[in-house]
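1. Fold the following and give me the result.
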Amino acid sequence: MRIRVDEIPEAGRQLHFHWDQDRLSALLPPNDPFEMTLPRPANVDLEVNRFPDYIRVRGTIRGALQVGCHRCLKPVELPLDEALEVLMVRATPAAEGEEEQEVELEEEDLEYEFFDGEVIDIDRLVSEQIFLSLPFKVLCSEECRGLCPGCGANLNDEPCRCDKSSKDSPFSVLEKLKTRLPS
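-> Residues are numbered from 1 along each chain as shown. Below is the predicted model:
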């Protein structure tokens, strides 16, 4: 969804829509390993206000997000209840022949988003907020034992099927060296 700035009335514009899997999939990288899905569309309620120097987008995103557990790959449903507040400022183009300089962002710089001054991409703002809401590590439970690196068994549901008699561990070579050392 895109909004033209000149179509935002003085009193602001209210947006209420459902953000579905198709919109999410369009913004995910191809072959995303986390298989992020929306089990049901997320409710997005936004208010867009136009000011002389900036555009303010404020609202909420509510729903659920399904992501695979980072240890066992079992689907985990995460609640999604995120507040969104962004100040959009028109980007100033770099002067011809001028190189872009690398600058360190301050904390207050993260409150601003730059755009072309004519069109606001609402889908991109919603997806950014959803991606930022993800935890660093998604686990189905704190006690999740994950997958066996040898046989691939989900250790939460079944025992390991690896042959315990063979010593094919990376440390088996060190064990052989240890037997050759003089005592």
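
2. Check the gap between Pro182 and Pro75 for me.
-> From Pro182 across to Pro75, the span is 55 Å (C-beta to C-beta, to the nearest Å). For glycine as for every other residue, the C-beta is placed from the backbone atoms N, C-alpha and C.

3. longest strand of the protein?
-> Longest strand in the chain by number of residues (criterion: DSSP state E): strand 75-90.

4. Contacts for that strand next, please.
-> With contact meaning C-beta atoms under 8 Å, 6 or more residues apart in numbering, strand 75-90 is reached by 39, 42, 46, 53-69, 111-117, 120, 125-126, 129-130, 132-135, 138-140.

5. mind redoing it with 7 Å?
-> Residues outside strand 75-90 that contact it (C-beta atoms under 7 Å, 6 or more residues apart in numbering): 39, 42, 46, 54-69, 111-115, 117, 120, 125, 129-130, 133, 138, 140.

6. Look at Pro182 and Pro75 and report which has more neighbours.
-> A direct count of neighbours by other C-beta atoms under 10 Å for Pro182 and Pro75 places Pro75 higher, at 13 against 3.

7. partner residues bridging the more buried one?
-> Gly68 (DSSP bridges).

8. got it, and the one 5 residues further on?
-> Using DSSP bridges, the beta-bridge partners of Leu80 come out as Gly63.

9. quick one: pLDDT of it?
-> We have a pLDDT of 92 for Leu80.

10. Also Cys160?
-> Cys160 carries a pLDDT value of 86.

11. And it, how close does it get to Lys178?
-> Distance, Cys160 to Lys178, by C-beta to C-beta: 26 Å.

12. Looking at those two, which one has more neighbours?
-> Cys160 (15 against 10).

13. I figured that one was touching Cys151, is that so?
-> Yes. Using C-beta atoms under 7 Å, Cys160 is in contact with Cys151, at 6.1 Å.

14. Show me what the longest helix seen in the chain is packed up against.
-> Of all segments of type helix in the chain, defined using DSSP state H, the longest is helix 122-133. Counting contacts by 3 or more C-beta pairs under 7 Å, 6 or more residues apart in numbering; DSSP states H and E, helix 122-133 is packed against helix 21-27, strand 55-68, strand 75-90.

15. closest to Gln14 out of the ones you listed?
-> strand 55-68 (8.9 Å; C-beta to C-beta).

16. Also compute the angle for that closest one relative to strand 75-90, please.
-> Counting by axes from the mean of the first three to the mean of the last three C-alpha atoms, to 10 degrees, strand 55-68 lies at 160 degrees to strand 75-90.

17. Per the annotation, how does this structure divide into domains?
-> Domain assignment for the chain by automatic domain parsing gives 2-93+103-133, 146-183.

18. For stretch 73-87, buried residues please.
-> 73, 76, 80, 82, 84, 86 (16 or more other C-beta atoms under 10 Å).
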